[in-house]
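**Q** Whatever this is, show me its structure:
(one chain, ligands or ions: 1)
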Amino acid sequence: MKSASRMIRNLLTPIAKRALLTWEHLESGISFDLTSRDVRANPYDLYERLRQRDPVHRMRLINAWAMTGYEDAEAVLRDHRRFSSGENKLEYAPYRTMLDLDPPDHTRLRSLVSKAFTPRSVSALGPRVDQIVEDLLDGLAGKGRFDLIGEFAFPLPVIVIAEMLGVPAEDRDRFNVWSNDIALAVEPVLNDEEIERVERSSAEIVEYFEEIIALRRQQPQDDLLSALLAAEEEGDRLSHDELIGTLMLLLVAGNETTRSLIGNGMLALLRNPDQLRRLRDHPNLLDSAINELLRYDSPVQFIIRVVLEDMEFQGRQFQAGQKVLVLVGAANRDPAVFSDPGTLDIGREEESHISFGRGIHYCLGSPLALLEARAAFAGLLARFASIQLVSEPEFRDQIVLRGVEDLWIEVD
Ligand code: HEM
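**A** Next up, the predicted model:
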C-alpha cells in the first residue's frame with residue numbers, strides 16, 4: 001500500500017486538496033486539513049470542533065480516521081491485534097524498530113532493552129542527571145537572556161541518552177542534527193527537502209554507529225551498546241539491522257520529545273503565571289505538575305495505527321488497511337474525563353493523560369523522561385527566582401511531534 005505521505009504529496013495539487021476537503025466537509029460538517037499551518041500552530045480549537053461534530057472522523061485527504069475521544073483512543077491503543085503498528089511502516093526510516101513492529105518481533109526487541117529503562121534502573125541515573133542539569137545551568141551563568149531550547153532543553157536528553165548508550169557525548173552537535181532530521185520520519189506529510197534530510201541523516205548515523213560498533217566489539221564496556229552487541233552476537237535474538245535500528249530509535253525517540261516536554265511545559269507555565277507561582281510555593285507538586293504539562297500540551301500529538309480487519313467501530317465502518325490517527329492532544333482534553341480541560345491545573349487529580357501512549361507500545365523511556373523533566377524544572381526554578389518570556393515562540397512546522405522552535409527567556 002502506498003504510504004500516506006507519498007499519497008498526500010502526489011495528491012496535493014491545490015485543486016485536488018480543496019476538492020477532498022470539501023467532500024470531507026459535506027460528509028461530516030467539518031474537515032481536518034493536517035497540512036494547514038494554522039492547525040500546526042494551534043490544533044486545540046480544531047480538535048474541539050472535531051470532537052463536537054464528528055468524534056470518529058473520516059479524513060478524505062488521507063485514507064484515515066481521526067479520533068478525538070479519550071475512551072476511543074484507549075480502545076485503539078490497547079487493541080494491537082486489530083490496530084497494527086507493523087503495517088504502519090515509516091516510509092523513510094531505513095530500519096524497522098519496535099515502534100513499527102507487532103508481536104512477536106516487537107516483544108523480542110522491546111525485551112532486549114526494557115531492563116535498562118525500568119523505574120529502578122533509571123532512578124540510579126538520578127544523581128548523574130542532576131549533575132548534567134547543574135552543569136548546563138552553570139554554563140548559562142551571567143546570561144540574562146537565552147534560548148531555553150537550544151541551551152538547555154535539547155542538550156539535556158542528548159547527553160543523558162548518549163551516556164547510557166555509551167556513545168561520546170562530544171558528538172552531540174551531530175546528534176542534534178541527526179535527531180532533528182530523523183524524527184521527521186514519523187510525520188505523515190513530508191516535503192522533498194525533509195525527505196532528503198531524513199535520508200541523509202539516516203545514512204550518516206548508520207555509518208557512525210557501524211564505526212562505534214566495530215570498536216565496541218573489540219573492547220566491550222559497561223553500557224547499553226555493549227549489552228545489545230552481546231545479544232546480537234548470540235545470533236537469533238537480534239539481527240545486525242535490528243541492532244542499528246534500536247540504537248537509532250533510542251538516540252532519537254527521547255530527544256525531540258523530552259525537549260518538547262521542557263519547552264512546551266515551561267511555555268505553559270509562563271503563560272499561566274499563577275501556576276508557576278503555585279509550583280514555586282509548593283515544590284511537592286512537581287510530579288503532578290509534570291503530568292499536567294504532558295496532558296496540557298503533549299509532545300506527541302498523533303499516534304498512528306493501521307486497521308487489520310474490516311470492523312464496525314462506534315457505528316462507523318472501518319476497512320482493513322485504513323489508518324487511524326489517535327489525536328493524543330484531543331484525548332487529553334476530553335471533557336468526559338478531565339474537568340475544565342483547557343485550564344492548566346498543576347494539582348489536577350484525575351485520570352492519566354495518554355501522552356506516553358497505552359498498551360504494548362507504551363513509551364519505554366517514560367521513567368527516564370520523567371526523571372529528566374523533574375531535574376530540569378526543579379533545577380530551573382531553584383536557579384532563577386524570576387523567569388519571563390521574551391517573545392512569543394513559533395511552533396515547529398510538524399504535526400506529530402509538537403514543540404516550540406526556540407523559547408527565549410529572561411532570567412534573574
Ligand atoms: C516526554 C518525553 C516522551 C514522550 C512524550 C514520549 C512519547 C512516546 C509515545 C506516545 C510512544 C508510543 C508510540 C506508539 O504507541 O506508537 C513512545 C514510545 C517509545 N518511546 Fe517515548 N516518549 C518520550 C521520551 C522517551 C525517551 C526519553 C525514550 C528513551 C530514551 C523513549 C523511547 C521510546 C521507545 C523506545 C518507544 C517505543 C516503544 C514500543 O514500541 O514498544 N521515549 N514514546
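**Q** What residues does this structure have near the ligand?
**A** Contact residues, the chain versus the ligand (C-beta under 6 Å from any ligand atom): 85, 98-99, 110, 157, 161, 249-250, 253-254, 257-258, 261, 299-300, 303, 355-357, 361, 363-365, 368-369. Placement of C-beta: from N, CA and C, glycine included.
**Q** again, only this time at 5 Å
**A** Residues of the chain lying close to the ligand (C-beta under 5 Å from any ligand atom) are 98-99, 110, 161, 253-254, 257-258, 261, 299-300, 303, 355, 357, 361, 363-365, 368-369.
**Q** what's the residue in the stretch 301-412 of the chain that the ligand sits nearest to sitting at in phi/psi?
**A** Closest contact between the stretch 301-412 of the chain and the ligand, by C-beta to the nearest ligand atom, is at residue 365 (2.0 Å). Here is the backbone geometry of residue 365 (degrees, to the nearest 10): phi -90, psi 10.
**Q** quick one: contacts for it?
**A** Contacts here follow C-beta atoms under 8 Å, 6 or more residues apart in numbering; on that basis residue 365 touches 117, 250, 253, 254.
**Q** again, 10 Å this time
**A** Contact analysis of residue 365 by C-beta atoms under 10 Å, 6 or more residues apart in numbering lists 113, 116-117, 122, 157, 161, 164, 249-250, 253-254, 257-258, 356, 371-372.
**Q** Likewise for residue 390?
**A** 144, 145, 146, 147, 407, 408, 409, 410.
**Q** show me where the stretch 151-300 of the chain has strands.
**A** Shown for the stretch 151-300 of the chain, no strands are assigned by DSSP state E, counting those that start in this stretch.
**Q** Show me where it dips below the pLDDT cut-off.
**A** Scanning the stretch 151-300 of the chain for pLDDT under 70 picks out nothing.
**Q** Do a quick rundown of the helices in the stretch 151-300 of the chain.
**A** With DSSP state H, counting those that start in this stretch, the ranges of helices along the stretch 151-300 of the chain come out as 155-165, 172-183, 192-218, 224-233, 240-271, 273-281, 286-296.
**Q** before we move on, back to that, quick check: of the contacts of residue 390, which lies closest to residue 277?
**A** residue 409 (16.2 Å; C-beta to C-beta).
**Q** Listing partners with orientation, what would you give for whatever helix or strand that closest one lives in?
**A** Residue 409 belongs to strand 408-411 when assigned by DSSP states H and E. Based on DSSP bridges, the pairing partners of strand 408-411 within the sheet are strand 145-147 (antiparallel), strand 387-389 (antiparallel).
**Q** Could you identify the pair within the contacts of residue 390 that is furthest apart?
**A** 144 and 407 (15.1 Å).
**Q** quick one: which of those two has more around it?
**A** Of the pair residue 144 and residue 407, residue 407 is the one with more neighbours under other C-beta atoms under 10 Å, namely 26 against 10.
**Q** Spatially, which residue comes closest to that one, not counting chain neighbours?
**A** Nearest residue to residue 407 in three dimensions, chain neighbours excluded: residue 148, at 4.4 Å (C-beta to C-beta, 6 or more residues apart in numbering).
**Q** looking at it, the one you found is touching residue 154, isn't it?
**A** Yes - proximity of residue 148 to residue 154 meets the contact threshold set by C-beta atoms under 10 Å, at 9.3 Å.
**Q** separation between the residue of the stretch 151-300 of the chain found nearest the ligand and residue 162?
**A** Using C-beta to the nearest ligand atom, residue 254 is the residue of the stretch 151-300 of the chain that sits closest to the ligand, at 2.5 Å. Residue 254 sits 11 Å away from residue 162, going by C-beta to C-beta, to the nearest Å.
**Q** Then residue 211?
**A** 15 Å.
**Q** before we move on, what about residue 372?
**A** Taken as C-beta to C-beta, the span from residue 372 to residue 162 is 13 Å.
**Q** Let me have the helices of the stretch 151-300 of the chain in CSV, extended by mean neighbour count and distance to residue 39.
**A** Formatted as CSV, those follow (neighbours: other C-beta atoms under 10 Å; distance: least, C-beta to C-beta, whole Å):
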stretch, mean neighbour count, distance to residue 39
helix 155-165, 22, 27
helix 172-183, 19, 19
helix 192-218, 15, 18
helix 224-233, 19, 38
helix 240-271, 23, 16
helix 273-281, 15, 26
helix 286-296, 22, 18
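**Q** JSON lines for the ones you listed, including distance to residue 62?
**A** Compiled in JSON lines, the helices of the stretch 151-300 of the chain are given as follows (distance: least, C-beta to C-beta, whole Å):
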{"stretch": "helix 155-165", "distance to residue 62": "31"}
{"stretch": "helix 172-183", "distance to residue 62": "20"}
{"stretch": "helix 192-218", "distance to residue 62": "17"}
{"stretch": "helix 224-233", "distance to residue 62": "35"}
{"stretch": "helix 240-271", "distance to residue 62": "22"}
{"stretch": "helix 273-281", "distance to residue 62": "37"}
{"stretch": "helix 286-296", "distance to residue 62": "27"}
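**Q** I'd like to know which of the ones you listed lies nearest to residue 13.
**A** helix 192-218 (15.2 Å).
**Q** The closest one - contacts with which helices or strands?
**A** helix 4-11, helix 172-183, helix 224-233, helix 240-271 (3 or more C-beta pairs under 10 Å, 6 or more residues apart in numbering; DSSP states H and E).
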